[in-house]
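After the sequence you'll find the predicted model.
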2 protein chains.
Amino acid sequence: MKIMPDRLRALATSLLESRNASPQAAALQADLLVEAELRGLPSHGLQRLPLLLSRLEKGLADGRTQGAATWSRQAFLSVDGERGLGPVVLMGAMRRLKQRLPQAGLAVAAIRNANHIGMLAYYAEAAARDGLIAIVMSTSEALVHPFGGTQAMLGTNPLAIGIPSDDRPFVLDLATSVVSMGKIRNHALRDLPIPPGWAVDAEGRPTLDPVAAQDGAIAPFGDAKGYGLGLAIELLVAALAGSPPSPDVRGTLDDDHPANKGDLLVLIDPSAGSGAIPALTAYLDGLRLSRPLEPTRPVAVPGDGARGRRAAAMDGGIVLPQPLFEQLLALEAA
Amino acid sequence: MKIMPDRLRALATSLLESRNASPQAAALQADLLVEAELRGLPSHGLQRLPLLLSRLEKGLADGRTQGAATWSRQAFLSVDGERGLGPVVLMGAMRRLKQRLPQAGLAVAAIRNANHIGMLAYYAEAAARDGLIAIVMSTSEALVHPFGGTQAMLGTNPLAIGIPSDDRPFVLDLATSVVSMGKIRNHALRDLPIPPGWAVDAEGRPTLDPVAAQDGAIAPFGDAKGYGLGLAIELLVAALAGSPPSPDVRGTLDDDHPANKGDLLVLIDPSAGSGAIPALTAYLDGLRLSRPLEPTRPVAVPGDGARGRRAAAMDGGIVLPQPLFEQLLALEAA
């Protein structure tokens, strides 16, 4: 079924407020989930809400704190998320970093003990729309095996980079796994085999069975290079935020544990550098107009696809599975 | 033929000094080239030296400057490389950033107008051995096509990340192309076809012909994700350093143009954050001991392979093609 985004935003906000989230925190968390739906990323959308509500009820998430932030150095913000909602803690950190940019030029926030920050593109895009460059990283439970390995030892460790342009910002948002666990679950639900190279089973054997894959591990994207990047994110986050490596991470997929993964946000003011943004806009347009591999599929810049999907869903509504919508309505009545 | 590293270092230093490089600059540039040979990366080794000497002779490289550096903000160093040698300008910037870390926690140098910085792992490892985290990026001439495209619109845009550990540092160094142009040239020399997916020809058709590939474009690594990362590096460097996007870059592969690509160096003091390095060392050891895909090939951490190759070459010498060695000797006699 299709539902208009405003209705879903109001429903999610009301559900979060009824679990003691502040009006501002509820509105921000709801907006993040609806924006993921609008961009065609349901794995980071409203299907995350029931778990989050349960975490609020159990005290594993606190909808009233932005976390406790300390400038450990001029350009280094250490943040204890205090079980706050991920987007609330992260956007709070972004506001603080922003205040520091006129003096410092760039600054980083290292965040521990915050809940799931969801779709990273949200933050990268928010910064780019403000004329700033953002680099966002996060860790997760161990789901990914090393290149040449077979055990789940790394998180899906996403990376987002937002860069302003004169018209459409560049917004990259990628997991360092070849595919999300959500997509593998979806293959299992539809009883479809997964493609070769996606996953190994619990014994470390390459598998096409999506059920066996869920007990095993997902491959990194891009072989050794993607593995290296995912591991770099794992180490950067842990080293700076003080969060544990992913085999000891809990709390982004369950409602039994505090969330102990870490997040990093680097914010840079491009006006501290060259101010070359106009030249970049022209370059990106040239890229979009360059000769495509398939004549009917123009070359895209990261962020273009999501922007198109968002515009369509803003007009036509968000496709939501009926059972999920009914579950949310029942939670509202409860 | 095999030659001991000390002899090559002395030869390269003497050649650079004879082209008016200062003793310190010559020693650093020579060390970078020899370290690339030691790590089994000849494409960034001594084969680069004749071109560099010619650039020094023509005034396209200046072996006596570290560039002019200005703190445009507390944590943002803007560097005009003034045609200096790449490693001289970059290591000079690293020293300045390091002095700023006790106050700032992290700092970035954005460098334009420096010559080729060569193997990025050199800088990442130097920082990590000092107990610091380094992120290094660079751009190049356009050699890589976008995902879904067929024209060379991006540089090979390498990324290196160095992270200290209690014993062996993590040193990631990757080009965002699926393969280097050097490797494609090597296939052409040996009259071997290149694997599917590496490159397209000048008309944008996928090709297995290494000669045709040299007139075309190389694929990004990791499909859309690797393309996105390479493009992010392209934009970050250009936005902050003020260097042009890669279609307008010249001077890292020729001796006709000033080098106008850009470089970024981010330096972070982990003690500003959690100080979690010991936990990371244990995690990395666990990763190395985790179950491999092939029983005889243990899981590796980025940096391990290069470290092993370096140790072997330090003992047994560097394998150098005889024509290259003779060319260097002739240049010394000239």
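Yep, it's here.

Report pLDDT for A:M181.
In this prediction, A:M181 carries a pLDDT score of 84.

just A:S274 next, same as before
pLDDT at A:S274 comes out at 77.

and if you look at A:E141?
Per-residue confidence (pLDDT) for A:E141: 97.

which residues touch it?
If you count contacts by CB atoms under 8 Å, 6 or more residues apart in numbering or on different chains, A:E141 has them with A:155, A:246, A:249-250, A:252-253, A:261. Just so you know, the C-beta spots here come from the backbone N, C-alpha and C atoms, and that holds for glycine as well.

quick one: least confident of those residues?
Across those, the bottom pLDDT score, 91, is held by A:L253.

Is it in a helix, a strand, or coil?
What DSSP: H, G, I helix; E, B strand; the rest coil gives for A:L253 is coil.

Which strand or helix spans the residue lying closest to A:D248 once chain neighbours are set aside?
Nearest residue to A:D248 in three dimensions, chain neighbours excluded: A:N260, at 7.4 Å (CB to CB, 6 or more residues apart in numbering or on different chains). Using DSSP states H and E, A:N260 maps to neither a helix nor a strand.

List the residues that contact A:N260.
With CB under 8 Å, 6+ apart, A:N260 has these contacts: A:112-113, A:243-244, A:248-251.

got a winner among the residues you listed for most neighbours?
A:S243 (28 neighbours; other CB atoms under 10 Å in any protein chain shown).

Hmm, A:V79 is touching A:R95, no?
No: at 11.7 Å, A:V79 does not count as touching A:R95 under the criterion of CB atoms under 8 Å.

A:R307 contacts A:P169, doesn't it?
No: A:R307 is beyond contact range of A:P169, at 9.1 Å (criterion: CB under 8 Å).

what about those two, which has more around it?
A:P169 (24 against 16).

So that one sits against A:D130, correct?
No: using CB under 8 Å, A:P169 is not in contact with A:D130, being 9.8 Å away.

The helix or strand of chain A with the lowest mean pLDDT: which residues count as buried?
Using mean pLDDT, DSSP states H and E, the weakest-scoring helix or strand in chain A turns out to be helix A:181-189, at a mean of 86. Neighbour-count burial for helix A:181-189, counted by 16 or more other CB atoms under 10 Å in any protein chain shown, picks out A:181, A:184, A:187.

can you check stretch A:123-139 too?
Quick answer for stretch A:123-139 (16+ other CB under 10 Å): A:123-128, A:132-139.

Just these: which are in strands?
A:133-138 (DSSP state E).

Identify the farthest-apart pair in the residues you listed.
A:I133 and A:S138 (17.7 Å; CB to CB).

just to revisit the earlier point, out of the buried residues of stretch A:123-139, which comes closest to B:A36?
Nearest member of the buried residues of stretch A:123-139 to B:A36, counting by CB to CB, is A:I135, at 27.9 Å.

got the contact list for A:G222?
A:178, A:229, B:221-223, B:225-226.

quick one: which of those has the most company?
Within those, most neighbours by other CB under 10 Å means A:L229, with 28 neighbours.

Leaving out chain neighbours, which residue sits closest to it?
Counting by CB to CB, 6+ apart, A:L229 lies nearest to A:T176, which is 5.5 Å off, once chain neighbours are set aside.

Surely the one you found and A:D223 touch.
No: using CB under 8 Å, A:T176 is not in contact with A:D223; the gap is 11.7 Å.

and the residue nearest to A:L229, how many neighbours?
28.

Off-centre distance for the helix or strand containing A:Y227?
For A:Y227, the element it lies in under DSSP H and E is helix A:223-241. The chain centroid and the centroid of helix A:223-241 are separated by 16 Å under CA atoms, centre = their mean, to the nearest Å.

before we move on, back to that, can you lay out the contacts of A:N260 as TSV showing distance to B:P302 and secondary structure?
Below are the contacts of A:N260 laid out as TSV (distance: CB to CB, whole Å; DSSP: H, G, I helix; E, B strand; the rest coil):
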residue	distance to B:P302	secondary structure
A:R112	25	strand
A:N113	29	coil
A:S243	21	coil
A:P244	21	coil
A:D248	21	helix
A:V249	21	coil
A:R250	27	coil
A:G251	28	coil
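
on that earlier part again, neighbouring contacts of the least confident helix or strand of chain A?
By CB under 8 Å, 6+ apart, the residues outside helix A:181-189 that reach it are A:43, A:143, A:156, A:193-194, A:198-199, A:210-211, A:213-214, A:218.

please redo it, this time with the cut-off set to 10 Å
Applying CB atoms under 10 Å, 6 or more residues apart in numbering or on different chains, the external contacts of helix A:181-189 come out as A:41-44, A:47, A:140-141, A:143-144, A:152, A:156, A:175, A:177, A:179-180, A:192-195, A:198-199, A:208-214, A:216-218, A:253.

Can you select the buried ones from the residues you listed in PyMOL?
For the buried members of those, the matching PyMOL selection, counting by 16+ other CB under 10 Å, is:
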select buried, chain A and resi 41+42+43+44+47+140+141+143+144+152+156+175+177+179+180+194+198+199+208+209+210+212+213+214+216+217+218+253
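
Which of the contacts of helix A:181-189 fall in helices?
Counting by DSSP state H, those place A:210-214 in helices.

nearest to B:A61, of these?
Minimum distance to B:A61 across these is 52.6 Å, recorded for A:A213 (CB to CB).

how close does A:G197 sit to chain B?
12 Å (CB to the nearest CB, to the nearest Å).

Return the residues in contact with that residue.
Contacts of A:G197 (CB under 10 Å, 6+ apart): A:178-179, A:206, A:208, A:219, A:223.

so what's A:L52 up against?
With contact taken as CB under 10 Å, 6+ apart, A:L52 is in contact with A:12, A:15-16, A:19, A:21, A:29, A:33, A:46, A:60-61, A:63, A:85-86, A:115-116, A:118, A:255.

and it, backbone torsions?
As for A:L52, its main-chain torsions (degrees, to the nearest 10) stand at phi -60, psi -40.

what's the helix or strand for the residue nearest to A:A61 when sequence neighbours are not counted?
What sits nearest to A:A61 in space, not counting adjacent residues and going by CB to CB, 6+ apart, is A:R55, at 4.1 Å. In this assignment (DSSP H and E), A:R55 forms part of helix A:49-57.

tell me which residues of that helix are tucked away?
Applying 16+ other CB under 10 Å to helix A:49-57 flags A:49-56 as buried.

Any residue of stretch A:120-136 touching chain B?
Yes: using CB under 10 Å from any CB of the partner chain, we find that stretch A:120-136 touches chain B at A:133, A:135.

mean confidence for that stretch?
For stretch A:120-136, mean pLDDT is 97.

Alpha carbons of it, as CSV, please.
Only the C-alpha atoms of stretch A:120-136 are listed here, as CSV (Å, rounded to 0.1, in the frame of the first residue of the first chain):
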residue,chain,number,x,y,z
LEU,A,120,24.2,7.8,6.9
ALA,A,121,23.2,9.7,3.7
TYR,A,122,20.9,11.7,5.9
TYR,A,123,23.7,13.4,7.8
ALA,A,124,26.0,13.7,4.7
GLU,A,125,23.3,15.5,2.8
ALA,A,126,22.3,17.8,5.7
ALA,A,127,25.9,19.0,5.9
ALA,A,128,26.3,19.4,2.2
ARG,A,129,23.1,21.5,2.0
ASP,A,130,24.7,23.7,4.6
GLY,A,131,27.7,24.2,2.3
LEU,A,132,29.9,21.8,4.4
ILE,A,133,31.8,18.6,3.7
ALA,A,134,30.9,15.7,5.9
ILE,A,135,32.4,12.2,6.3
VAL,A,136,30.4,9.8,8.4
